[in-house]
Structures are given as structure tokens and as C-alpha cells.
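>>> Below are the sequence and a predicted model for it; my questions follow.
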Amino acid sequence: MSAWAEAVRGVAGRAGLDPRRVTVEPAGFGTTRPDAADYRAEAGHLTIRATGAVAASVALARYVRDHLGTRLTWQQPRVSPSPLPDAPRTTVSSPHEVRYYLNVVTFGYSTPFWGWDRWEREIDWMALHGVTHPLMLVAHEAVLAETFRRAGLPGTEAARWLGGAAHFPWTFMGGMHSFGGPLPARWAERRVDLARRVLARMRELGMTPVLPAFGGHVPPALVGPEPAGEIEWQGWHIPLLHPESHRFQELFATFAQVQRELLGPGSGHFAVDPYIESVPPSGEVEYLRAAGRGTYRALATADPDAVWVLQGWPFHYKGAFWTPDRVAAYLRDVPVDRTLVLDLWGEHVPLHTALLADGAPLAGRPWVWCALHNFGGRPALFGDLRGLVRDVHALPDGAPHLRGIGLAPEAIENNEVFYELATDLAWDDAPHSPAELDRWLERFVLDRYGLSDPRPGTGPGPSGLTGELRANLAQTALRAWHTIYSTLYGEGRTRSVPTPVIARPWTAGLPFPAQRSAGEAIGNAPPTPSSNIDAENDPAVAAALPRLDQAVRELTEVRDSLPETLPASLPNPARDLLSADIAELAGHVLAQGTRVHVRGILGAARGGDPEGVRAHLRRLRADLLTLDDLAGARPETRVSTWIDAARAWGDTDAERDAMEREARSLVSVWGEQHNGLHDYSGRHWQGLVRDLYLPRWQAWADWLADAAAHGPVPPGADPTALRERIVDIEETWRESTRSSTR
């Protein structure tokens with residue numbers, strides 16, 4: 001048996017199957033498609049044949065879905081033990097050579113505190129969902145620190161510049177520096193060990209990890225004799241070496257050597273984006289041309305087969321700067337076949353027609369269509385499912401040089417229906433039409449809750465139910481999801497619905513219209529009241545709340561009708577999934593409903609009615625505490641879970657407290673008070689709602705009530721006292737580590 005076949009059997013075992021009953025064989029399929037596999041089950045034994053490990057893993061997932069009635073997802077990574085029913089030979093293949101995964105900032109918003117157990121589950125998820133090219137940034141800071149040390153920077157200065165763990169992605173991209181920390185003494189040692197394990201598993205499963213390269217962002221002490229440019233992001237200023245300078249080429253070579261020493265050989269694919277959300281030091285066409293040329297020269301010197309993986313994001317985010325002639329100049333001297341461009345937000349702002357089509361500035365370059373979907377991990381149920389099917393299946397006809405599709409979410413483990421559909425769409429058994437999508441969604445819902453028709457030879461099915469009760473519950477679940485699909489996942493829902501809970505009260509006006517738009521550049525004038533997504537809600541969202549509330553009741557009816565255990569006294573996973581979906585949907589309804597109370601508070605203040613302000617506050621407080629309780633029922637939506645994971649990386653109380661401050665910063669103030677990213681990563685988590693958002697609303701209402709006692713409160717009321725109180729609440733929450741509150 002080949003090594004990769006054994007690796008796939010390992011995936012099967014961790015997914016709950018008996019690997020002794022799974023055979024995996026290499027096979028060619030006489031097809032021009034990059035990946036193909038088939039499976040067949042007979043007499044309790046499953047045989048998979050495949051072109052490689054990822055295709056074999058997808059075939060395994062298809063068998064589990066189609067014959068065991070279970071989808072292997074983030075929330076349900078294992079199947080309950082059961083016999084393996086017979087299955088005819090079934091083939092699946094993909095036309096896409098590249099199936100990309102992850103965003104640079106996912107390593108801040110989702111993964112910064114993961115250990116091996118969680119990474120192992122995620123790599124299995126990648127394999128089962130067909131990922132070929134995952135971005136891998138674990139331990140990049142250790143590589144940078146050693147590079148800087150060899151260049152002559154003292155270790156303490158390098159550590160200070162790199163900052164804290166949750167904010168590393170923005171240091172990597174040249175966005176920030178010297179925030180957070182200090183890191184634990186054993187951090188680099190432990191992270192390098194973790195990175196090696198992650199890379200080894202990815203390679204065992206035939207993946208092509210995309211490793212980072214050096215972008216030229218350095219501490220001032222390492223600039224050297226040649227003049228350097230400077231870029232700015234959110235108030236941070238970062239020296240940037242010109243890629244054609246001797247210093248850049250020298251440091252790049254050192255970086256590449258250190259990365260090989262610490263992490264082993266690369267895969268040939270390297271991510272580097274020097275200007276991800278910043279304007280380059282010069283807009284001169286020749287400057288940009290030389291910058292692209294120098295970056296590629298350094299890459300090719302380090303690895304002659306290197307492929308430069310770069311995001312199309314700057315060309316949207318800083319679109320006013322990146323005119324067609326500048327975009328074309330940047331890569332003019334870089335070989336076409338040595339680049340891979342990621343069309344990062346393809347489901348909302350696709351760039352391929354303007355940039356990558358024939359005659360466009362980047363014509364002829366290989367590229368990948370990506371769905372970005374989630375920003376900052378903020379709580380939102382959304383996604384245009386029909387649009388996703390339409391956009392992906394339109395690509396082959398009008399997309400020259402397309403190499404594949406991918407997912408580049410800022411945070412993961414949310415909106416499973418969107419990510420399951422997006423990964424299915426890379427394969428030939430995916431839905432192609434609205435009618436096929438309807439059938440796909442029905443199957444998704446019934447498999448998720450164990451309510452599909454029992455497969456022959458599997459007993460009563462995953463829910464433990466048979467007959468009329470199962471059929472009735474299936475209809476109830478589908479009725480609830482019809483509402484969810486037609487509202488939250490309906491056409492045009494490519495941007496998330498903002499949650500008023502995390503809006504930052506900052507003046508004597510409604511905070512909602514001041515909230516930042518997702519994915520759009522923001523001005524530099526501090527303070528920015530909030531970085532919650534989008535502006536005031538649209539009427540359709542508010543109008544859907546009664547229907548969604550009914551869907552909550554329907555899903556609750558289904559859950560409460562399912563047995564708590566399956567045969568052999570095993571817990572029923574369908575009940576847990578239903579509880580999670582109910583909590584999330586109920587949280588959406590509850591959070592959107594708080595707008596009424598916030599408007600009521602402000603209306604009473606405008607009328608000079610302090611008792612009215614306090615009455616509306618009592619209603620708001622009750623709803624926020626209910627939301628906090630909802631979140632507390634699940635470990636993944638408790639802020640304590642996030643904090644526990646961060647503290648686990650420290651060996652002393654001081655180290656654990658530093659890690660906790662990092663974790664708290666990211667999901668609250670984000671950076672310093674002057675930055676424009678307040679609440680960008682806010683969540684409906686127990687502990688955040690009760691201890692941060694509620695006190696802010698309380699402070700706002702108290703301030704308005706005190707002012708209303710003297711008459712109507714005008715919109716232009718001096719907010720100085722309020723702002724001081726809000727900042728104090730935020731900083732107190734950020735600094736309230738476990739050790740400090742004992």
C-alpha cells in the first residue's frame with residue numbers, strides 16, 4: 001500500500017470508520033481531469049481507488065454522506081459507529097487543478113491558539129473537502145525572528161517588533177508591528193514543532209502547502225544603507241525595502257534558508273503581498289515594475305520552480321491607486337507561468353473580468369476564483385447559495401487560464417451550509433441549477449439532522465427514528481430551512497447582516513449608520529466608532545424576523561422529538577447540531593430585535609424622558625442577558641474557550657496573562673484605541689455580550705438618562721464624558737486577565 005493510501009485510511013479512522021475495513025488503492029482513470037476517485041462497498045468492506053490522497057478522501061466523504069447519511073463537517077467530524085452498507089461503484093472527479101483554502105488573517109481570527117489536535121481535525125476537514133493548496137503560516141514569526149537575528153537585530157528587539165500571537169498576520173503583511181506580547185519563552189520552539197507536524201500531515205495527504213515568503217517589511221534598524229520606502233496601515237508606519245535593493249535580496253535569501261532549516265523544503269508555492277491594504281511608497285510605473293521584478297527574482301533565486309501566489313485584494317481595496325497601468329506594470333517582468341493570482345472576494349467583487357481576462361492588465365496569468373464570505377469572525381448567518389452555484393458554474397465558459405476555485409474566509413467554523421456547498425461545487429456531482437440546488441439543500445438538512453430515509457442495511461438511520469415520526473420531523477425541519485434559505489441565504493446575500501449588539505455607542509445618535517462597510521477601505525481620521533459590518537440594516541432583514549422566529553420553534557420541535565441516545569447508549573449527534581443551529585438562529589433574531597430597544601432609548605432621550613430611557617434599557621438588558629445565556633450553552637461560543645486556548649500556550653502566570661490580553665484584544669478593541677478596527681472581530685460569545693457590550697450600552701443609556709433629566713437631549717450633545725466611560729469599559733475588559741481578577 002502506498003504511503004498516501006495509508007494516510008487516507010488514517011483520515012477514515014479519525015472520522016469514525018474502522019480502517020481495517022477500508023482499502024485505498026492508487027488508480028488512473030484515463031481522464032484529463034486532475035483528480036478522480038471511485039468507491040465501492042461490499043460485504044462490510046469499502047474500497048476506494050483514486051489518483052491521489054485528496055481525491056480518495058473526497059470519495060470517502062461521499063460514501064459517508066450517501067450511504068451512512070452523515071456529512072463530515074466542522075461541527076460533526078465523526079460518524080457514529082455502524083456497519084458499512086453495500087454501495088455500487090461510484091465515481092467523482094474535479095476539473096480544478098487548484099482548490100485553495102484559507103486567508104492570511106484566518107491565522108488571527110480563528111487559528112492562532114490551536115494545538116495539534118485541532119490542526120489535525122482541520123487537515124482532515126481539508127482532505128475530506130478536496131483542498132489541494134492550503135495556506136500555512138504556523139511558525140512564520142519564528143522564521144522572521146531568526147532571520148532578523150541573523151541580520152544583526154537583537155532577539156529582544158525582534159520579539160518586540162513582531163508583537164503578540166493573535167495579531168501576527170498583520171505583521172506578516174506589513175500592516176502593523178510592536179503590538180501585544182511578550183510571547184512565552186517556549187513559543188518559537190513549540191510553534192516550530194507544531195508547524196512541522198502540520199506540514200508533514202499535509203504532505204502525507206498529497207497537499208501543496210502555500211508557505212509565506214519575505215515581503216520586505218523590516219524594523220528600522222535593519223533598513224541598511226540604501227534608502228527604504230514606508231507604508232502605513234491603521235496608524236502603523238512600516239519601513240519597506242525595495243525588492244531590487246541589495247538589502248532586500250540578502251534578507252530574502254536568509255529568510256528562505258531559515259525557513260528550509262526550520263520547516264523543511266517548501267512546496268514551490270509562496271505567498272507574498274507587500275501592499276495588501278497599503279499604498280506602495282511610489283505610484284511611478286517604473287517603481288512598481290521594479291518592485292514586482294525584484295520580488296520574483298528573490299523567489300526564483302531561493303527556489304527556481306517558485307510560484308508566486310498573490311492576492312487580488314489590493315486591486316479592489318485600494319482600487320483608486322491600482323489603475324490598470326500600475327497593475328500591469330507590477331507583474332510585467334514576472335513570468336506568466338510563475339504566478340497564481342487569487343480573486344479573493346469572487347462572490348461579491350469578482351476581479352477576473354477586469355484584471356485577468358484577455359486584454360486585461362493581468363491577461364494570461366493563472367488564477368483561482370475564491371469566496372471570501374466571512375469578515376473577522378463576526379456573527380452572521382448569510383450567503384447567496386444560488387449565486388454561488390451560478391458563479392462557479394459560469395467560470396469554465398468565460399474564464400481563460402482559470403486553475404481552480406477556493407475559499408479564503410477571514411474566519412472559519414461558521415455558516416456550514418455555505419462552506420459545504422462551496423467545496424462540493426469543485427466536483428462533478430455538485431448542483432448545477434436552481435432545482436438541483438433545492439435537492440442538494442434538502443439532502444443537506446436531512447443528513448445534518450439524521451432524518452434521511454434509512455439506507456439499506458443501516459437500521460433505523462442516524463436519528464434513531466423510522467416511519468411516520470421521522471417523515472413528519474423531516475418535513476418540519478425542511479419547512480424551517482425553507483425560511484432560512486429564502487431569507488438569510490437568499491439571492492444577493494453576499495454580505496453579512498450586521499449585528500447591532502456589537503455596535504459601539506459613541507454619541508447621542510444611533511451608532512448603526514456609522515458602522516464600517518465590510519471589505520471597504522476606511523478613512524484615517526480617528527476615532528472610528530465601530531468596525532462592525534455594513535451600515536443600517538435593510539428592511540427585508542427586519543421583516544424576516546417573525547418568520548425566522550417561527551423557524552426556531554420548528555427546529556426546537558424537531559430536536560425535542562429526537563431520542564437523546566442512539567443504540568448502544570451513544571449520544572445522538574443530531575440533537576447537538578440542532579441545538580447549535582437553534583442557538584445561532586435564535587441569537588440572530590434576538591440580536592436584530594435589540595434595534596427596537598436602542599431606538600427606544602434614543603427616542604426617550606430626545607423627548608427628555610429619563611424614565612423612558614431606563615425602561616427601554618431594562619428591555620435591552622434582558623435581551624442581551626438572554627443572548628449571553630444562549631451562547632453559554634455551547635463551548636465554541638464562550639469567550640472562556642478562546643481565552644483558555646490562548647492561556648494554554650503560557651508556562652507561567654505572566655505568560656498566560658500576556659496571551660490572554662492578546663485574545664481579549666482581538667475580539668474587542670482589536671488594537672490601540674486610535675485604530676479603525678474597534679469591534680471588527682466582535683462575536684456573540686458568552687462573556688463578551690454580558691461583560692463588554694452590555695456595560696457599553698448601560699453607560700450610553702445612563703449618560704442619556706442623566707442628560708434627559710435636564711430636558712430633551714440634542715443629537716450634538718457633548719459626548720466627551722460618554723467616550724471616556726466607553727474607553728474605560730473596553731480597557732478594563734481587555735486587562736481583566738485571570739491572574740488580575742483572582
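All right, it came through fine.

>>> got the phi/psi numbers for the residue sitting nearest the centre point of the chain?
The centroid of the chain falls nearest to Ala411 when counting by CA atoms, centre = their mean (1.8 Å). Note on Ala411: its backbone torsions stand at phi -150, psi 150 [degrees, to the nearest 10].

>>> per-residue confidence at it?
Ala411 is assigned 97 on the pLDDT scale.

>>> Need the three-state assignment for the nearest residue to it once chain neighbours are set aside.
If the residues on either side of it in the chain are set aside, Ala411 comes closest to Gly377, at 3.2 Å by CB to CB, 6 or more residues apart in numbering. No exception for glycine: its C-beta is placed from N, CA and C like everyone else's. Classification of Gly377 by DSSP: H, G, I helix; E, B strand; the rest coil places it in coil.

>>> Does Gly377 touch Thr111 like I think?
No: assessed by CB atoms under 8 Å, Gly377 is found out of contact with Thr111, at 10.9 Å.

>>> Please say which of the two ends up with more neighbours.
Of the pair Gly377 and Thr111, Gly377 is the one with more neighbours under other CB atoms under 10 Å, namely 25 against 20.

>>> can you give me phi and psi for the more buried one?
Backbone geometry at Gly377, expressed as degrees, to the nearest 10, gives phi 80, psi 10.

>>> same thing with the one 4 residues further on?
The phi and psi values for Leu381, taken as degrees, to the nearest 10, are phi -100, psi 110.

>>> again with Asp691
Reported as degrees, to the nearest 10, the phi and psi values for Asp691 are phi -100, psi -10.

>>> Can you give me the separation between it and Gln75?
Remark: distance between Asp691 and Gln75 (CB to CB, to the nearest Å) = 26 Å.

>>> before we move on, what about Arg595?
With distances taken as CB to CB, Arg595 is found 29 Å from Gln75.

>>> and those two? which has more neighbours close in?
Using other CB under 10 Å, the more surrounded residue of Arg595 and Gln75 is Arg595, with 22 against 16.

>>> could you point out the longest helix in the protein?
In the chain, taking DSSP state H as the definition, the longest helix is helix 573-606.

>>> buried residues in it?
Of all the residues in helix 573-606, those buried under the rule 16 or more other CB atoms under 10 Å are 573-575, 577-578, 580-595, 597-598, 600-602, 604-606.

>>> Let me see the mean pLDDT of that helix.
Confidence for helix 573-606, expressed as mean pLDDT, is 96.

>>> which residues touch Leu666?
With CB atoms under 8 Å, 6 or more residues apart in numbering as the criterion, the residues that contact Leu666 are Gly108, Tyr109, Pro112, Ala166, His167, Ser681.

>>> State the pLDDT value of it.
Residue-level pLDDT assigned to Leu666 equals 97.

>>> Also Met202?
Reading off the confidence values, Met202 has pLDDT 98.

>>> Hmm, Leu135 and it touching each other?
No: taking contact to mean CB under 8 Å, the distance of 10.7 Å between Met202 and Leu135 leaves them out of contact.

>>> Mind listing the shared neighbours of those two?
Counting by CB under 8 Å, 6+ apart, the shared contacts of Met202 and Leu135 are Pro209.

>>> so where is the chain shaky, pLDDT-wise?
Counting by pLDDT under 70, the low-confidence segments of the chain come to 1, 397-398, 454-464, 513-537, 568-569, 742.

>>> hmm, back to that, just the contacts of Leu666: which are in helices?
Gly108, Tyr109.

>>> which one of the contacts of Leu666 has the most neighbours?
Of all those, Ala166 has the most neighbours under the rule other CB under 10 Å, reaching 27 neighbours.

>>> what's the next secondary structure element after the one helix or strand Glu120 maps to?
Secondary structure here is read from DSSP states H and E; on that basis Glu120 sits in helix 116-128. Secondary structure here is assigned by DSSP H and E; on that basis, the next helix or strand after helix 116-128 toward the C-terminus is strand 133-134.

>>> quick one: strands adjacent to that next one?
Strand 133-134 pairs in its sheet with strand 98-101 (parallel), by DSSP bridges.

>>> for the helix or strand encompassing Val54, packing partners?
Assignment of secondary structure by DSSP H and E places Val54 within helix 53-68. With contacts defined as 3 or more CB pairs under 8 Å, 6 or more residues apart in numbering; DSSP states H and E, helix 53-68 has these neighbours: helix 3-14, strand 35-42, strand 45-50, strand 87-94, helix 116-128.

>>> I'd guessed Phe311 sits against Pro274; true?
Not quite, residue 311 is Gln, not Phe. No: counting by CB under 8 Å, Gln311 does not reach Pro274; the two are 11.0 Å apart.

>>> of these two, who's got more company?
A direct count of neighbours by other CB under 10 Å for Gln311 and Pro274 places Pro274 higher, at 25 against 22.

>>> Checking that one next. Helix, strand or coil?
Applying three-state DSSP: Pro274 is coil.

>>> again with the one 5 residues further on
Under the three-state scheme (three-state DSSP), Val279 adopts coil.

>>> returning to that earlier point: residues contacting the helix holding Glu120, please?
Looking at what lies outside helix 116-128 - CB under 8 Å, 6+ apart - the contacts are 8, 11, 14-15, 53-54, 57-58, 60-61, 72-74, 77, 101, 111, 114, 134, 138, 194, 197-198, 201-202, 205, 207.

>>> can you rerun that using 7 Å?
11, 14-15, 53-54, 57-58, 60-61, 72, 74, 77, 101, 134, 194, 197-198, 201-202, 205, 207 (CB atoms under 7 Å, 6 or more residues apart in numbering).

>>> Next: stretch 236-251.
Here stretch 236-251 makes contact (CB under 7 Å, 6+ apart) with 147, 151, 174-177, 214, 216-218, 220, 223-224, 226, 228-231, 274, 281, 290-291, 293-295, 298.
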